[in-house]
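Asks: Any chance you can model this:
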Amino acid sequence: MAKRGGFPGGMGMPGNMNNLMKQAQKMQKQMEENQKALEEQEFTAAAGGGAVEVTVTGKREVTKVKLSEEVVDPDDIEMLEDLIVAATNEALRKAEDAASSAMAKLTGGLGGLGGFGF
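Replies: This is a model prediction of the structure:
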C-alpha cells in the first residue's frame, strides 16, 4: 500500500520542526537580551560645532541636553531650537542604527524569513 500525503522519510519532518522551534526560541531570547542591552545604552550627538549636545537612550528617551553659554542668545531663540532638534534627531538616528546593527548580527545568517526565502 502506497503512502498518501506525508513527508518523504517518514517521521523526519517533525524532528526538523523541533530543531527549528528550538532555534527560534533561542533567537527570541537573544533578541530580548539584545533589546534590553540596547535600551540601557546612551547615544549622544552634537550640533552647532558642539554648542548643543543631546543624549538619548536606546528606548528613544532624551536623558540630557547640554548647551554652551554662547549658544543661548535671547535674540536668536530660533537658532537654538534648530540646533536642539538637529542634535536630537542625530542622537535618535544613532540609536536606530545601533538597533538595526544588533538585529542584523542576530539574523545575518538566516537570509530572509528564517531561511525559507519568502
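Asks: Check the offset of stretch 85-95 from the chain's centre.
Replies: 14 Å (Cα atoms, centre = their mean, to the nearest Å).
Asks: how about residue 50, what does it touch?
Replies: Applying Cβ atoms under 8 Å, 6 or more residues apart in numbering, we find residue 50 in contact with residue 68. All C-beta spots, glycine's among them, are computed from the backbone N, C-alpha and C.
Asks: where along the protein do the helices fall?
Replies: Counting by DSSP state H, one finds helices in the chain at the ranges 12-40, 77-107.
Asks: Could you identify which of these is most buried?
Replies: Between the helices of the chain, the one whose residues have the most neighbours on average, counting mean count of other Cβ atoms under 10 Å, is helix 77-107 (a mean of 15).
Asks: pLDDT of that helix, averaged?
Replies: When pLDDT is averaged along helix 77-107, the result is 92.
Asks: coming back round to it: can you list the helices of the chain in a markdown table and add distance to residue 69?
Replies: Supplementary listing: the helices of the chain in a markdown table, determined by distance: least, Cβ to Cβ, whole Å:
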| stretch | distance to residue 69 |
| --- | --- |
| helix 12-40 | 31 |
| helix 77-107 | 12 |
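Asks: Distance-wise, check the residue most central in space within the chain relative to residue 70.
Replies: Ranked by distance to the mean C-alpha position of the chain (Cα atoms, centre = their mean), the top residue is residue 99 at 1.7 Å. Noted for residue 99: a distance of 34 Å to residue 70, by Cβ to Cβ, to the nearest Å.
Asks: picking up where we left off before, closest one to residue 47 among the helices of the chain?
Replies: Closest to residue 47 of the helices of the chain is helix 77-107 (Cβ to Cβ; 4.0 Å).
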